[in-house]
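Peer 1: coords please:
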Amino acid sequence: MKKTQFDAALQKQVDQRVRSKQVEVEKLRKQIEEYQSKIKELEGKISARPNHH
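Peer 2: Predicted structure coming up:
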């Protein structure tokens, strides 16, 4: 196997890994956004409720 072929194969592997990480990061970002809106919603319910102190 020539060095250029090896380099190309290696680069392809790296690119695939990077892409799958980017997909993972995007999924996590969406999940975080969902959690944040859920937290805001719950905070709204909590602050709307009268305090029982």
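
Peer 1: in the chain, which segments are predicted with low confidence?
Peer 2: Scanning the chain for pLDDT under 70 picks out the ranges 1, 52-53.

Peer 1: So which residues of this protein form helices?
Peer 2: Counting by DSSP state H, one finds helices in the chain at the ranges 3-48.

Peer 1: any idea which residue sits dead centre in it?
Peer 2: Closest residue to the average C-alpha location of the chain: L28 at 2.2 Å, with C-alpha atoms, centre = their mean.

Peer 1: Next, work out how far apart that residue and Q22 are.
Peer 2: Look at L28 and Q22: by C-beta to C-beta, to the nearest Å, they are 11 Å apart. All C-beta atoms are positioned from the backbone trio N, CA, C, and that covers glycine.

Peer 1: same deal with Q31?
Peer 2: Computed with C-beta to C-beta, the distance linking Q31 and Q22 is 15 Å.

Peer 1: repeat for K45
Peer 2: 35 Å.

Peer 1: ditto for E33
Peer 2: From E33 to Q22 the distance is 17 Å (C-beta to C-beta).

Peer 1: Check A8 too.
Peer 2: Taking C-beta to C-beta, one finds A8 at 21 Å from Q22.

Peer 1: just Q16 next, same as before
Peer 2: 11 Å.

Peer 1: Q13 too?
Peer 2: Here Q13 is placed at a distance of 15 Å from Q22 (C-beta to C-beta).

Peer 1: Could you do T4 as well?
Peer 2: 26 Å.
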